[in-house]
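# Mind folding the following:
(2 chains, ligands or ions: 1)
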Amino acid sequence: MTRHVALFVTCLVDLMRPRIGFAAIRALEAAGCDVVVPEGQTCCGQPALNSGDRDHAAALAKQTIEALEPYEAIVVPSGSCAGTIRCHYPEIFEHDPLWLPRAQAVAAKTWEIMTYLDQVCGWKPEGVTVDAKATYHDSCSGLRELGIKAQPRRLLKNIDGLTFAPLQGEETCCGFGGTFCVKYPSISNAIVGEKADAIDATGADLLLAGDLGCLMNMAGKLNRNGSKVRAYHAIELIAGMGDGPAIGEEA
Amino acid sequence: MSGFTAPAGTASFKERADAALGDPILKIAVERTAGTAEAKRTVAVSAFPDFEAARTRAAAIKDHGIAHLGAYLEEFEANAVAAGAKVHWASTADEACKIVIDICKAANAKSVARSKSMLGEEIGLPHALAEAGIGRVETDLAEHIIQLADERPSHIIWPAMHKTREQVSALFKAKHRTPHQEESIAAMAESARRELRSRMLGADVGISGANFLIADTGAVCTVTNEGNAELSLVPPRVHIVTAGIEKIVPSMPHAIHMLRMLARSATGAALTQYTTFYTGPKRPGDRDGPEEMHIVLVDNGRTKMREEGLAEMLRCIRCGACMNHCVVFRQIGGHAYGGTYPGPMGAVLTPVLDGLKQSRDLPNACTLNGKCQEVCPVRIPLPTLLRGWREKSWREGLEPTSMRWGLGLWAFVARRPSLYRLGTGIAVRAMRLLGKKGWIGTLPLAGGWTRHRDMPKPAPQTFMTQYRKERRK
Ligand code: SF4
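Numbering: from 1, shown residues only, chains lettered A, B, ... in the order given. The predicted structure is shown next:
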């Protein structure tokens, strides 16, 4: 059975690290999916939603719903953006009888990529080798809004050569928080500083997570600190693209 | 003494937060207490048969009480009066203070012994007592420290958590009449005991708060770990309780369930050392106890919260778990929040008490990571309530212009996919010009980011551009 899925790329992946989008396509195709990238998509509206700008959040949500609703399933390489669509779109249109059912329908078929591959497709990577020791950070929205915890670990376990070092405080926020990191930079810095120290203390070669925002925050701090730990979105490794440049490395 | 004192009043949230971030001693002090509390709670919760079900029940008990607030408060009043207490109603902080001061004056009180209560802080009772010329002794050890240092509490369970033992020792040496000689905890506690006991026993009035008001018996429940409440409320002639109206629970079994949740969430203990139920004053034949008991039921914005979509916040049992687990609180401590209540729950409550205009930073200074909600024993959706304040702040135009413009522009472009593709394409190329070797060290308009960390250089082309090219092949 071929699954027809639409990939919602997320604005950060589109702009900063397209590899994650291509890795997502590759993994989904390996899992037997037929992938399209709908044209009308831009940003899910989370920055506006979390800043209290409900009107713009609703406008962007409507646009995203329109772009995604024709598809059987929507897959997102970010727990945070998937969480926005799944958990917050129905809230945004709580009092809008026209848009609420549409928001609910899209929410119900939207999946974070690793959850989709693991839980829906029952797929696992095959023949992928990465000789390294990795540590994993559980990004907050994915963890607490969507229950993403075991899925990425189950997928990563199938990669040959990859070993794991537990991260002290793996469920503790990295201090990114979308616009929080630019609104309150010194507090955000103090939080990510501790996170970077904890990552360094694992002795791992690689830092993995499922959200580019958090990854950019942690990798940016690690680099500023002169750390040697390299950061990837977990889907890059899962899709067999772990031999490419890490975040902040030139191709 | 190098204590961190919050720059009060005029300083902005950011200034207070920066001052806190610059204080290494504060960081150590907060981490010691909150870190220990976090670890102990984890153990206590995992040993609890079905903590998730217990949380659901706790939330339901509070919701039920709040939905029928009027009826249960009336029941409580009737039962408290039947037990011999006098019940007063205050709709504002000032009214509540006035009632307390009037009772003290009528009793000819020279001094009062106070057992720590956050409501007392909320209504400004210490200040009101001072203005009325009534001497006050704080009987909770941490609150005593705060009183000596002339500071405000920085946590709702450990008001002096921002101070290290070394700082407290120095403070006691300077202020106690017969201070300790050795530096041990025991010697310091003894010094505080010598200082406090005589004053506690000599007080004319004892003032306390309430953890729960029990409707069907008219009892007031108080928990402490030091036994100071008992010692400061029983000997005086008059006992005054000030309590928020949301403290109501229908019956004793409900109170017991809430107590189990409270202790585990706050300190990880199965129960607090002292749990006392006060039902009316001394009765004929009783050997001790106060002659009069007054209960002041305070609204101070609570019924308004119910009407304004903050009803869930009235479930709060002041356990402090949300702040102990909050990444922001752990970095800046309680004083930076600037209100009576710090941390996530404070960020929801302070705008109610002090006005949103003064406190719009608090609901914003949160990463919305959801940990507070995960640990809250009564399942308060704190992130949702914080987002609600952000929306109100946005609607009322309180958010900074730069933010409004920035987001407005972003949304304008993001709503026009072809313009968006053009814009992101240009942005990517412009950003690449600023980078060296893969990283950007300073990025205009994102100074907050690059002051502390590098920004990875974006790929030469956006995903959409590359994807389209590939598909055309
Ligand atoms: S909001 Fe919840 S976790 Fe925080 S103090 Fe209140 S009851 Fe405790």
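
# Stretch A:167-179 and chain B, any residue contact?
Yes. Under the criterion of C-beta under 8 Å from any C-beta of the partner chain, chain B is reached by stretch A:167-179 at A:Glu171, A:Thr172, A:Cys173, A:Gly175, A:Phe176, A:Gly177, A:Gly178, A:Thr179. (C-beta placed from N, C-alpha, C; glycine too.)

# Would you tell me which one of the residues you listed comes nearest to A:Gly220?
A:Gly220 has its nearest neighbour among the residues of stretch A:167-179 next to chain B in A:Phe176, at 9.8 Å by C-beta to C-beta.

# out of everything not next to it in sequence, what's closest to that closest one?
Closest residue to A:Phe176 apart from its sequence neighbours, by C-beta to C-beta, 6 or more residues apart in numbering or on different chains: A:Asn217 at 4.0 Å.

# got it, and B:Val428?
Leaving aside its sequence neighbours, B:Val428 sits nearest to B:Pro458 (C-beta to C-beta, 6+ apart; 4.7 Å).

# Assign the one you found to helix, strand or coil.
coil (DSSP: H, G, I helix; E, B strand; the rest coil).

# near the ligand, from the residues of stretch A:167-179 next to chain B?
When contact is defined as C-beta under 6 Å from any ligand atom, the residues of stretch A:167-179 next to chain B do not meet the ligand at all.

# Excluding chain neighbours, give the residue nearest to the residue of the stretch 1-150 of chain A found nearest the ligand in space.
Closest to the ligand within the stretch 1-150 of chain A is A:Arg144: 14.8 Å, counting by C-beta to the nearest ligand atom. Nearest residue to A:Arg144, sequence neighbours excluded (C-beta to C-beta, 6+ apart): B:Gly370, at 3.8 Å.

# which residues touch that neighbour?
Neighbour list for B:Gly370: A:Cys140, A:Ser141, A:Leu143, A:Arg144, A:Glu145, B:Pro383 [criterion: C-beta atoms under 8 Å, 6 or more residues apart in numbering or on different chains].

# Quick check on it: phi, psi?
The phi/psi pair for B:Gly370 (degrees, to the nearest 10) reads phi 80, psi 0.

# quick one: A:Gly122 and A:Met1, what's the gap?
For A:Gly122, the distance to A:Met1 equals 12 Å [C-beta to C-beta, to the nearest Å].

# Pick out whichever of these two has more residues nearby.
A:Gly122 (8 against 3; other C-beta atoms under 10 Å in any protein chain shown).

# Next one: that one from A:Ala59, what distance?
37 Å.

# Which residue ranges of chain A form helices?
A:11-16, A:18-30, A:46-51, A:54-68, A:79-83, A:89-92, A:100-108, A:113-115, A:140-146, A:150-156, A:180-183, A:185-202, A:212-224, A:234-238 (DSSP state H).

# can you redo these as a markdown table with mean pLDDT?
Shown next, in a markdown table, are the helices of chain A (pLDDT from 0 to 100):
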| stretch | mean pLDDT |
| --- | --- |
| helix A:11-16 | 96 |
| helix A:18-30 | 98 |
| helix A:46-51 | 96 |
| helix A:54-68 | 97 |
| helix A:79-83 | 98 |
| helix A:89-92 | 98 |
| helix A:100-108 | 98 |
| helix A:113-115 | 98 |
| helix A:140-146 | 97 |
| helix A:150-156 | 98 |
| helix A:180-183 | 93 |
| helix A:185-202 | 98 |
| helix A:212-224 | 97 |
| helix A:234-238 | 98 |
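
# Can you redo the ones you listed as a markdown table, where the extra columns are mean neighbour count?
As requested, the helices of chain A are exported to a markdown table (neighbours: other C-beta atoms under 10 Å in any protein chain shown):
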| stretch | mean neighbour count |
| --- | --- |
| helix A:11-16 | 24 |
| helix A:18-30 | 23 |
| helix A:46-51 | 24 |
| helix A:54-68 | 20 |
| helix A:79-83 | 28 |
| helix A:89-92 | 20 |
| helix A:100-108 | 17 |
| helix A:113-115 | 27 |
| helix A:140-146 | 24 |
| helix A:150-156 | 19 |
| helix A:180-183 | 21 |
| helix A:185-202 | 21 |
| helix A:212-224 | 26 |
| helix A:234-238 | 28 |
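
# B:His335: which of the ones you listed is closest?
The nearest among these, by C-beta to C-beta, is helix A:185-202 at 14.1 Å.

# Need the residues that contact that closest one.
Against helix A:185-202 from outside (C-beta under 8 Å, 6+ apart): A:135, A:137, A:165-169, A:172-177, A:180-181, A:207, A:217-218, A:221-222, A:225, A:227, A:229, B:14, B:17-18, B:21, B:327-328, B:331-332, B:365, B:367, B:447-449, B:451-453.
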